[in-house]
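# Have a look at this prediction, sequence included:
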Amino acid sequence: RQKLCQALRARGLEGDAVVLLQGGEELSVYDTDTNWDFKQESNFQYLFGVKEPGCFAALRVRDAHGVLCIPRMEKMYEAWCGPVKPP
């Protein structure tokens, strides 16, 4: 994250600039009950270490402070997809 923010500052992005990033999403196959095997977007995984789909992140360019937003899964989700990992 530090290297990315240094490169952005070198290109003139300064002040209170914030970069918003979106991780990968699951893709359905033909209908909604079957999905392709999920693979996180490589840069997002490198910057934030996240392998789960549906995440977003904000990165403040000034000091490389990052905030990760993960989706909140309902309890019913566990019945179909297994245990929900805590944040």
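The structure has been received and is ready for your questions.
# How about the contacts made by R11?
Not one residue lies near R11 by CB atoms under 8 Å, 6 or more residues apart in numbering. Glycine gets a C-beta too; all of them are placed from N, C-alpha and C.
# So it versus W36, what's the distance?
35 Å (CB to CB, to the nearest Å).
# cool, Q2 as well?
Q2 is 33 Å from W36, by CB to CB.
# Now that we're looking at the nearest residue to E41 once chain neighbours are set aside, what pLDDT does it have?
Spatially, and ignoring its direct neighbours in sequence, E41 is nearest to G24 (4.4 Å; CB to CB, 6 or more residues apart in numbering). Here, the pLDDT recorded for G24 equals 90.
# three-state assignment of G24?
Secondary structure assignment for G24 (DSSP: H, G, I helix; E, B strand; the rest coil): coil.
# Now do the contacts for E25.
For E25, the contacting residues are P53, G54, by CB under 8 Å, 6+ apart.
# State the phi and psi torsions of it.
Backbone geometry at E25, expressed as degrees, to the nearest 10, gives phi -120, psi 150.
# For this structure, which segments count as helices?
For the chain, applying DSSP state H gives helices covering 2-10, 42-48, 77-81.
# average pLDDT across the last one?
For helix 77-81, mean pLDDT is 78.
# Contacts for it next, please.
With contact meaning CB under 8 Å, 6+ apart, helix 77-81 is reached by V84.
# Could I get the CA-only coordinates of it as PDB?
Extracted in PDB, the C-alpha atoms of helix 77-81 (Å, rounded to 0.1, in the frame of the first residue of the first chain):
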ATOM      1  CA  TYR A  77     -26.200 -18.100   4.600                       C
ATOM      2  CA  GLU A  78     -24.500 -20.700   6.800                       C
ATOM      3  CA  ALA A  79     -27.100 -23.300   6.000                       C
ATOM      4  CA  TRP A  80     -26.200 -23.300   2.300                       C
ATOM      5  CA  CYS A  81     -22.500 -22.200   2.200                       C
END
